[in-house]
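> Fold the following and give me the result.
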Amino acid sequence: MTLALSWPVVAAVLFGALLHASWNALIKAGDDKALDTALMHFLGCGVGAVLVALVGLPKQEALPWLATSVVIHIGYYVTLVGAYRHGELGFAYPLMRGTAPLIVALLSGKLIGEHVPLAAWLGVAGISIGVLAIGLTRSARESGSRRHALGYALANAAIIAAYTIVDGIGVRASGNALQYVALLFLIDGLPYFALVVWQRRAALTPAFAYMRGRWRIGLLGSCASLGAYGIALWAMTKAPVASVAALRETSVLFAALIGVVMLKERFRLQRAVGTGAIIAGVMALRLG
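Numbers count the residues shown, from 1 in each chain. Modelled structure (predicted):
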């Protein structure tokens, strides 16, 4: 099968990026971001269980890759917590999401035999530069303990690249993206939820009371998260992994637009330049 980044695949991945930005916006709007994230992951287990019951399990060939992805995700949660402990969301998030596609592009040739042509490289670079420009505002750069946050964020970016490649191989082996993502969400949500509950063990009653009041928002976020990653995994069965990984990170652009429209944040020149770089990157990916 020839892998190509067609316009329908581009449109689907961009919609998935919008879903990704939306569930992140739901977390940002909450009073306790760690509990909201844990709740979404836990409810995602339930959504995944329902889907597994409806669509079944992926092929056996995909299971080792899925198990590897779950293990890698534990490292993702550890570095994510570390990045947010030492730095603000606005500093850590763009670093993690902006540099991960570059790592995927560098590794995809050797690991999965997908060599990135020049036009696609320009597209990946444009999107990554745009993501960093949109996210790394002056206030974000000056917040928190930058040295520690930088280390955790870059480690997280490497982990994002790792699970992206692993899941790209796994979903192709499964033959069915929905079956793969359903089982992944059924298993993957438990470690982070357990981590947060353990951290709040001294105050479990108020923590569970907070989550009981947020379950509707959590369920909405879970569905958006599963839809976002499910679309990305489906796209990896149709297009090169590096191109899909870069397109996914346009979620940072959608998050910025949501902030402007709903949170009345200012859209400064730096964000305008970043937006232009992302649009140019998308065009280069498609034309390449």
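> Not counting its own residues, what contacts stretch 110-130?
3, 98-99, 101-102, 105, 108-109, 165, 168-169, 240-243, 246-247, 249-250, 253, 273-288 (C-beta atoms under 8 Å, 6 or more residues apart in numbering). Where you see a C-beta, it was placed from the backbone N, CA and C, and this is true even at glycine.
> Can I get the buried part of the residues you listed as one ChimeraX selection?
ChimeraX command restricting the contacts of stretch 110-130 to the buried ones, with burial defined by 16 or more other C-beta atoms under 10 Å:
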select :98,99,101,102,105,108,165,168,169,240,241,242,243,246,247,249,250,253,274,275,277,278,280,281,282,284,285,286,288
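> Next step: the contacts of stretch 110-130 restricted to helices.
Mapping those onto helices (DSSP state H) picks out 98-99, 101-102, 105, 108-109, 165, 168-169, 241-243, 246-247, 253, 273-287.
> What segments of the stretch 51-200 of the chain are helices?
Assigned helices in the stretch 51-200 of the chain, in chain order: 63-86, 89-112, 118-135, 138-141, 146-174, 177-199 (criterion: DSSP state H, counting those that start in this stretch).
> For Ala38, which of those helices is the nearest?
helix 177-199 (3.8 Å; C-beta to C-beta).
> in the closest one, what's buried?
Buried positions in helix 177-199, judged by neighbour count with 16+ other C-beta under 10 Å: 177-189, 191-193, 195-197.
> just how off-centre is stretch 46-64 within its chain?
Relative to the chain's own centre, stretch 46-64 is displaced by 20 Å; criterion: C-alpha atoms, centre = their mean, to the nearest Å.
> Enumerate every residue touching Val55.
By C-beta under 8 Å, 6+ apart, Val55 lies in contact with 176, 178-179, 182.
> could you redo the last one with a cut-off of 10 Å?
Val55 makes contact with 176, 178-183 under the criterion C-beta atoms under 10 Å, 6 or more residues apart in numbering.
> Looking at the residues you listed, spot the one nearest Ala209.
Ala182 (30.0 Å).
> burial count for the closest residue to the closest one other than its chain neighbours?
Leaving aside its sequence neighbours, Ala182 sits nearest to Leu51 (C-beta to C-beta, 6 or more residues apart in numbering; 3.5 Å). The number of residues packed near Leu51 is 19, by other C-beta atoms under 10 Å.
> Leu51 and Asn176 touch, don't they?
No - under the criterion of C-beta atoms under 10 Å, Leu51 makes no contact with Asn176, lying 11.1 Å away.
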